[in-house]
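**Q** From the sequence below, what's the structure:
(one chain, ligands or ions: 1)
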Amino acid sequence: MPDKIKCTVTECQYNSSVECVAPMIQVERNHSSNANNSDQTKCETFKSKNM
Ligand code: SF4
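**A** Model (predicted):
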């Protein structure tokens with residue numbers, strides 16, 4: 001398990017200074033049943049700061 005998760009999605013509620021501070025994140029396939037590259041994955045834990 002990584003000590004730190006760097007994330008540049010600063011519009012997420014869990015983002016603090018380009019780091020993810022969520023206790024756990026869930027990553028899923030994105031529009032794919034068999035991912036071949038990172039574009040086919042997504043962070044499901046993302047929550048907009050505007051909500
Ligand atoms: S929950 Fe996902 S999108 Fe949000 S800061 Fe963490 S890694 Fe980034």
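**Q** Distance of the residue nearest the centre of the chain relative to the ligand?
**A** Central residue check for the chain by C-alpha atoms, centre = their mean: the C-alpha nearest the mean position is that of C43, 3.4 Å away. Applying C-beta to the nearest ligand atom, to the nearest Å, the value for C43 to the ligand is 3 Å. C-betas here are computed from N, CA, C, even on glycine.
**Q** which ones are touching that residue?
**A** Applying C-beta atoms under 8 Å, 6 or more residues apart in numbering to C43 gives the contacts C7, V9, C12, I25, Q26, V27.
**Q** next one: phi and psi at it?
**A** phi -90, psi 110 (degrees, to the nearest 10).
**Q** follow-up on the earlier one: near the ligand too, which of the contacts of C43?
**A** C7, V9, C12, I25 (C-beta under 6 Å from any ligand atom).
**Q** what's the closest of the residues you listed to S48?
**A** C12 (7.0 Å; C-beta to C-beta).
**Q** Distance of that closest one relative to D39?
**A** Relative to D39, C12 is positioned 18 Å away (C-beta to C-beta, to the nearest Å).
**Q** Please name the bridge partners of the residue nearest to the centre of the chain.
**A** Taking DSSP bridges as the rule, C43 bridges to V27.
**Q** For it, give its distance to A35.
**A** Using C-beta to C-beta, we find C43 at a distance of 13 Å from A35.
**Q** just E11 next, same as before
**A** Taken as C-beta to C-beta, the span from E11 to A35 is 24 Å.
**Q** between these two, who's got more neighbours?
**A** A35 (15 against 11; other C-beta atoms under 10 Å).
**Q** just to revisit the earlier point, C12 and D39: which has the busier surroundings?
**A** A side-by-side neighbour count of C12 and D39, using other C-beta under 10 Å, places C12 first with 18 against 10.
**Q** what's the burial count for the residue lying closest to that one once chain neighbours are set aside?
**A** Closest residue to C12 apart from its sequence neighbours, by C-beta to C-beta, 6 or more residues apart in numbering: F46 at 5.0 Å. When neighbours are defined as other C-beta under 10 Å, F46 has 17 of them.
**Q** A helix includes F46, no?
**A** No: with DSSP: H, G, I helix; E, B strand; the rest coil as the criterion, F46 is coil rather than part of a helix.
**Q** No further questions, thank you.
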